[in-house]
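>>> okay, predicted coordinates and the sequence, questions at the end:
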Amino acid sequence: MPMHRWIVLLSFIVLVLFPTTAQDDIDATDQPTPRPMPTTVLVEGDATVEFYFSSLIQGGVGIIRVDAPDITQARAFFLNDEFRFFEIGEDGFYALLVVNIDTQPRDYELTVLIEQSDGNITVSRPLTVDSAGYITQSFDIPGDRAFLADPEIERAEFAKLDAITEGVTLEPLWGDTGFSLPIDAEVTSPFGTFRVLNDAMQTRHTGWDQRAPVGTPVRAMGAGKVAFAGQLDIRGNYIMIDHGYGVYSGYAHFSQVHVTRGQTITKGQIIGMSGNTGRSSGPHLHWEMVVNGDWIDGLSFIDMWVPSESS
Ligand SMILES: [Zn+2]
């Protein structure tokens, strides 16, 4: 079984067997986790590049930190994408490396360019992208909403969301304690699933589904600012939170939305009540995450250590 599946299975066991632990995770007063040991360190001249992941999967995220005197800017180049390093407090410069969900599993070259006031340093290494083993599921969208199983409607909605997540707030709004699940409930459909709707339309699951009766309070997964609060065709009543540095979380199918665009949100704050609006085949919470413009596996991201100003 790939590591990714183990993480999913483990998260599921923790949720089901130790619900109080999951509840504690939601508590906004939980403590910051100190920076862990890097899994790999590369040294070039007076610069070090530290890696905080041991493998990368399709739809996954890996954290890199660079340290060198007088850094003016640092960038990573990987999978035809550019990833900017952000300075977080006194802790150094970090990049969130994202693997698009459709990336072919194989080795790819990573190049990190560190610009200092007196010159540049380049560090390269190959990184392996592993298959995440995403499964296929079939769904029936009920008669009165069957028209929403339409690739054109989906394309238009993705374009709308892309326009929101294109914006990068140059601050780590997510705070000191990272991210937690929005509700404490059973996972019913995982991220990345290939989906067939009404035996016809093929699509991809951009988030995770959790079982939730209409009216379940939904909590912000991390601190941030509301980037969208309103109605979408497929996602129904929807909230998207900007957590800074290109990290966003989205929450769909709400019955009630309790926040407005631009509002500052604390981790664990109730942002609305779950529901069954939009292209939904029954009451549930669909939540999803975007990093650097790509849909990523949010459950793996929650489990990761993320840097903060008090790391
Ligand atoms: Zn979903």
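Great, that's in hand. Numbering: from 1, shown residues only.
>>> report the beta-bridge partners for the residue nearest to residue 245 when sequence neighbours are not counted.
The shortest distance from residue 245 to any residue that is not its chain neighbour, by C-beta to C-beta, 6 or more residues apart in numbering, is 5.0 Å, and that residue is residue 86. Glycine gets a C-beta too; all of them are placed from N, C-alpha and C. In this structure, residue 86 bridges to residue 94 when assessed by DSSP bridges.
>>> residues near residue 86, how many?
By the other C-beta atoms under 10 Å criterion, the neighbourhood of residue 86 contains 19 residues.
>>> my guess is residue 280 contacts residue 236. True?
Yes: distance between residue 280 and residue 236: 6.5 Å, which falls inside the contact criterion (C-beta atoms under 8 Å).
>>> list the residues that contact both of these two?
Taking C-beta atoms under 8 Å, 6 or more residues apart in numbering as the contact rule, the neighbours common to residue 280 and residue 236 are 252-253.
>>> show me what contacts residue 61?
The neighbours of residue 61, taking C-beta under 8 Å, 6+ apart as the test, are 96-99, 291, 296-297, 300-301, 304.
>>> show the pLDDT at it.
For residue 61, the model assigns a pLDDT of 98.
>>> so which strand or helix has residue 183?
When secondary structure is defined using DSSP states H and E, no element contains residue 183, which sits outside every helix and strand.
>>> contacts only, for it.
210, 212, 216-219, 274, 285 are the contacts of residue 183 under C-beta under 8 Å, 6+ apart.
>>> do that again at 7 Å, thanks
Listed by C-beta atoms under 7 Å, 6 or more residues apart in numbering, the contact partners of residue 183 are 210, 212, 216, 218, 285.
>>> closest to residue 116 among those residues?
residue 218 (44.7 Å; C-beta to C-beta).
>>> would you confirm that that closest one contacts residue 182?
Yes: the pair residue 218 and residue 182 passes the contact test of C-beta atoms under 7 Å, sitting 5.0 Å apart.
>>> any residues in contact with both of those two?
Residues touching both residue 218 and residue 182 (C-beta under 7 Å, 6+ apart): 251, 285.
>>> between the two, which has more neighbouring residues?
Here residue 218 and residue 182 are compared on neighbour count by other C-beta under 10 Å; more neighbours surround residue 182, at 29 against 25.
>>> give me the domain ranges for the protein.
Described in terms of automatic domain parsing, the domain architecture of the chain consists of the residue ranges 31-130, 136-303.
>>> okay, the ones you listed, which one's buried deepest?
domain 136-303 (a mean of 19; mean count of other C-beta atoms under 10 Å).
>>> sorry, back to before: list the contacts of the residue nearest to residue 245.
Going by C-beta under 7 Å, 6+ apart, residue 86 touches 93-94, 245.
>>> closest one of those to the ion?
The ion lies nearest to residue 245 out of these, by C-beta to the ion, at 24.7 Å.
>>> show the pLDDT at the closest one.
95.
>>> what ranges do the strands span in the stretch 1-150 of the chain?
Secondary structure of the stretch 1-150 of the chain (DSSP state E, counting those that start in this stretch): strands at 40-44, 47-51, 56-57, 61-67, 71-78, 81-84, 86-87, 93-98, 107-116, 119-130, 136-139.
>>> nearest to residue 149 among these would be which one?
Judged by C-beta to C-beta, the one of the strands of the stretch 1-150 of the chain that comes nearest to residue 149 is strand 136-139, at 8.8 Å.
>>> residue ranges with poor pLDDT in the stretch 201-311 of the chain?
Using pLDDT under 70 as the threshold, the predicted model of the stretch 201-311 of the chain has low-confidence ranges 311.
>>> measure the residue of it found nearest the ion to residue 209 for me?
Distances from the stretch 201-311 of the chain to the ion, computed as C-beta to the ion, single out residue 286 as the nearest residue at 3.2 Å. Applying C-beta to C-beta, to the nearest Å, one obtains 5 Å for the distance of residue 286 from residue 209.
>>> residue 308: which of the contacts of residue 183 is nearest?
Of all the contacts of residue 183, residue 218 has the smallest distance to residue 308: 23.3 Å, by C-beta to C-beta.
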